[in-house]
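Student: structure for this input, please:
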Amino acid sequence: MPMRVKKLLGFALLLPALAAYFFAAAALGERVPNFQLLKASYFLVAGIAWAFPAKYLMVWMNAEPRAKPAANQD
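Tutor: Predicted coordinates:
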């Protein structure tokens, strides 16, 4: 797959996925008991957790295309 297509596809996947994650994390944060330390801990973890799956998408987007195997030259 060409690099331009991979980056376009990755970008098109990343934006809606991040938006959905942030809305879900905020909605779940409303259910955390109203203890400030617990809420702060939840939002700290939720604010960092999105980066781990996004890292794999970024690595895939920036990976060079695999070289096609050479034809058998017998």
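
Student: mind checking how far L57 is from E30?
Tutor: From L57 across to E30, the span is 28 Å (C-beta to C-beta, to the nearest Å). (Glycine included, C-beta is placed from N, CA and C.)

Student: compare these two and say which is more crowded by neighbours.
Tutor: A count of neighbours by other C-beta atoms under 10 Å puts L57 above the other of L57 and E30, at 15 against 8.

Student: quickly find the element holding that one.
Tutor: helix 51-62 (DSSP states H and E).

Student: mean confidence for that helix?
Tutor: Mean pLDDT, computed over helix 51-62, is 89.

Student: in it, what counts as buried?
Tutor: M61 (16 or more other C-beta atoms under 10 Å).

Student: contacting residues around that helix?
Tutor: Residues outside helix 51-62 that contact it (C-beta atoms under 8 Å, 6 or more residues apart in numbering) are 6-7, 9-11, 13-14, 18.

Student: dump it to PDB, restricted to CA.
Tutor: C-alpha atoms of helix 51-62 as PDB (Å, rounded to 0.1, in the frame of the first residue of the first chain):
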ATOM      1  CA  ALA A  51      -1.500   7.100  23.300                       C
ATOM      2  CA  PHE A  52      -0.600   3.400  23.500                       C
ATOM      3  CA  PRO A  53      -3.000   2.300  20.700                       C
ATOM      4  CA  ALA A  54      -2.300   5.400  18.700                       C
ATOM      5  CA  LYS A  55       1.400   4.600  18.800                       C
ATOM      6  CA  TYR A  56       0.800   1.400  16.900                       C
ATOM      7  CA  LEU A  57      -1.300   3.200  14.300                       C
ATOM      8  CA  MET A  58       1.400   5.800  13.800                       C
ATOM      9  CA  VAL A  59       4.100   3.100  13.400                       C
ATOM     10  CA  TRP A  60       2.000   1.400  10.800                       C
ATOM     11  CA  MET A  61       1.300   4.700   9.000                       C
ATOM     12  CA  ASN A  62       5.000   5.500   8.800                       C
END
